[in-house]
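Student: I need the structure of the sequence given here:
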Amino acid sequence: MSSLTALGGATALALAVVLPAQAASDGRVATTAGTRGAPAAARHMNLNCGNGYRSKYDTPTATIQCPDVFNPVAAFGHYVGHDEPGVWFDSSVPGSGNHARWQLTLPTDPAPSSVPGAKIYSFEQHVAFWFGMALCASQSFPEQVSTCKPDSDSNIVNPKTSATHSGSAYLELQFYPPGSTAMPSGISCNGTQWCAAMNVWSYYQDPVTGKFLNSTCQAKVGGSELDNFAFVTRNGKPVGPPNPLTATSATFTPNANVLYMNQGDKVGVTIEDSRAGLTVRLDDHTSHRSGTMTASAANGFAQMVFAPDPSTECSSTPYTFRPMYSTSSIQTRATWTAFPYNIAWSDETGHFDYCSQVDNSTGKCTGDEGAGANKEPADSDDFECFPASAATRDPVGGCIAPNYGFDGPPYLKDWPNGSKSRPTPIMFSSPLTGRHFTVNYAHNALAAPLPFNEAGGGHQPSCDIYTATGCTKLPLTDDGTPAAFYPYFYTTRVAGCTWGEGTDVPGLTVRDFGKLSQYGTYDRNVYYTGTSGPYKYSSVFIKNYPRNECPAPRRESHS
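Tutor: Numbers count the residues shown, from 1 in each chain. As a prediction, this is how the structure comes out:
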């Protein structure tokens, strides 16, 4: 079976897009497809996990980068995949799967430019980056067990031998870059600051029967992969209803209560279980401001009631999400995500390319993509686009749909390198766990989802994730030539040891682990449950290191 056949292929599908939203007067953008300005707060709004393809359900949507599901064609009708290289962390210490703290330094962008493309900005490299954790969700995939014991490794079940795994959700604590007001859809903070949001993703499918949440309900909520969304706020209260059945435009529109973080700020990131439920806390050590959010029923978080066709029931039930496991390893994962992570940091990259002319009615690029020697007529992955007149920092037009052609700025050597015309890198520590956050994780892995992206994108037909052959660490562009660049991770001596991403920075990089060779080989150990029983594919290149290659100081360092 070829990868494209199994994933369903995407090359023959016509593209439809989420329409551009107009910048609001306060520097934010409305997130509703096909509307101008901010819609009424009472209006229901769905999420669109389809990478800018218009949902078959004609409802207002906010486009957010969702975790990749293992069977995207079944879920969406076409291939959906994101490029998200990451650093994953393993530990057998009890509590390491539900109690973690990182230190983060946010990038600083260059000053706004009047010369198109003369500088590079963070939003051109990342639509978001996130910290993750696997959670209990009794109504989520695989729908075989009605209970889930929080914070317990009793939930570990190998899909190779059994489908009776408890239902799981996955947390992505997403950080959104400044300058994203230029984006035609998705989540915006403002033109100069960062903000963050708790995204708790569930997947409503029974893989044994093959049935999804019923089509009537999917029409109301926007599909089968659904999110409880809430900005991290100063008072811990959501700005709008988090759950997918009751979310409105207010849910996705940041207000004055949201925790805004300045460029270059040093932020403590804590994710842990609490009496009230899964809680995230951000402590900005630079501004001395803090924000929090708890995924609790009291805050309006809920699960959809799983009711497949022929039912037409569409209801949600209040639910307090909690971490699923005690420890962290490749076994402690959500069994529906394409990639086998639990405690993880990942970058949502590969979502920007330049565009010389945009059709504002469709959001498609109708001119040339790329710049300089990379300029060529726009192609099928150039949608969700905005004109140069909408940009707030770099006066260029661009598109933020996934760049399956691997030829946009994230795949050029335009990453932070110490130049003042580029941003500073994201820098983050390895997490600490233990009762007082003094225990390092024992191992880390470096992973890149290139097999999944190359096979599904359709430009590398020899790449087959079922036989783990033909995929390359430097992906092929849609012209059939190797991409100019692919980002990798390195360590620094900042605050003892921190991770950076992109390309080596003179005077900062200590180790880069062989650049692309750091991603190792195909992961051949992951199984999924399907209607015909268990099966396996290799979705990532990964190298599991025998130790923690960048241990964090055992006390907080804000320097």
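Student: Tell me how many other residues crowd the closest residue in space to Phe321 that isn't next to it in sequence.
Tutor: Distance criterion CB to CB, 6 or more residues apart in numbering; nearest residue to Phe321, sequence neighbours excluded, is Ala295 at 4.0 Å. Backbone N, C-alpha and C define where each C-beta goes, glycine included. Ala295 has 25 neighbours, counted by other CB atoms under 10 Å.
Student: same check, this time on the one 4 residues further on
Tutor: Asn299 has 22 neighbours, counted by other CB under 10 Å.
Student: what does Ser419 give?
Tutor: By the criterion of other CB under 10 Å, Ser419 has 12 neighbours.
Student: Am I right that it falls within a strand?
Tutor: No - Ser419: not assigned to a strand; according to DSSP: H, G, I helix; E, B strand; the rest coil it is coil.
Student: Name the SS class of Ser202, please.
Tutor: For Ser202, the assignment made with three-state DSSP gives strand.
Student: Give me the domain ranges for the chain.
Tutor: Domain segmentation of the chain under automatic domain parsing yields 3-352+419-544, 353-405.
Student: Export those domains as JSON lines, with columns for mean pLDDT and distance to Cys550.
Tutor: Shown next, in JSON lines, are the domains of the chain (pLDDT from 0 to 100; distance: least, CB to CB, whole Å):
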{"stretch": "domain 3-352+419-544", "mean pLDDT": "87", "distance to Cys550": "4"}
{"stretch": "domain 353-405", "mean pLDDT": "84", "distance to Cys550": "29"}
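Student: Contacts only, for Val510.
Tutor: By CB atoms under 8 Å, 6 or more residues apart in numbering, the contact list for Val510 reads Tyr490, Thr491, Thr492, Arg493, Cys497.
Student: before we move on, the earlier item: just send the domains of the chain back as a markdown table, with distance to Tyr411 too.
Tutor: Below are these laid out as a markdown table (distance: least, CB to CB, whole Å):
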| stretch | distance to Tyr411 |
| --- | --- |
| domain 3-352+419-544 | 4 |
| domain 353-405 | 7 |
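Student: Where do the helices of the stretch 151-300 of the chain begin and end?
Tutor: For the stretch 151-300 of the chain, the helices defined by DSSP state H, counting those that start in this stretch cover 215-221.
Student: The stretch 401-550 of the chain now?
Tutor: Per DSSP H, counting those that start in this stretch, the stretch 401-550 of the chain carries helices over the ranges 450-457.
Student: where exactly do the strands run in it?
Tutor: 427-428, 432-433, 439-440, 443-448, 488-492, 498-502, 521-522, 527-530, 533-536, 541-544 (DSSP state E, counting those that start in this stretch).
Student: Export these to a markdown table and append columns for distance to Val358 and mean neighbour count.
Tutor: Shown next, in a markdown table, are those (distance: least, CB to CB, whole Å; neighbours: other CB atoms under 10 Å):
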| stretch | distance to Val358 | mean neighbour count |
| --- | --- | --- |
| strand 427-428 | 34 | 22 |
| strand 432-433 | 45 | 24 |
| strand 439-440 | 47 | 20 |
| strand 443-448 | 30 | 24 |
| strand 488-492 | 32 | 22 |
| strand 498-502 | 28 | 24 |
| strand 521-522 | 38 | 16 |
| strand 527-530 | 39 | 19 |
| strand 533-536 | 41 | 14 |
| strand 541-544 | 34 | 20 |
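Student: Those strands into a markdown table, with extra columns for distance to Gly480?
Tutor: Listed next are these as a markdown table, based on distance: least, CB to CB, whole Å:
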| stretch | distance to Gly480 |
| --- | --- |
| strand 427-428 | 35 |
| strand 432-433 | 45 |
| strand 439-440 | 44 |
| strand 443-448 | 21 |
| strand 488-492 | 23 |
| strand 498-502 | 25 |
| strand 521-522 | 22 |
| strand 527-530 | 31 |
| strand 533-536 | 29 |
| strand 541-544 | 21 |
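Student: Quick check: which of these is nearest to Ala373?
Tutor: strand 498-502 (20.7 Å; CB to CB).
Student: quick check: angle from the closest one to strand 443-448?
Tutor: Strand 498-502 and strand 443-448 are oriented at 10 degrees to each other (axes from the mean of the first three to the mean of the last three CA atoms, to 10 degrees).
Student: Give me the packing partners of strand 498-502, helices and strands only.
Tutor: Strand 498-502 is packed against strand 427-428, strand 488-492, with contacts defined by 3 or more CB pairs under 8 Å, 6 or more residues apart in numbering; DSSP states H and E.
Student: Show me the contact partners of the shortest one.
Tutor: Applying CB under 8 Å, 6+ apart, the external contacts of strand 427-428 come out as Trp102, Gln103, Leu104, Thr105, Val269, Trp345, Thr492, Val494, Thr498, Trp499, Gly500.
Student: What of the last one?
Tutor: By CB under 8 Å, 6+ apart, the residues outside strand 488-492 that reach it are 85, 87, 427, 446, 497-505, 508-513, 515-516, 518-519, 549-550.
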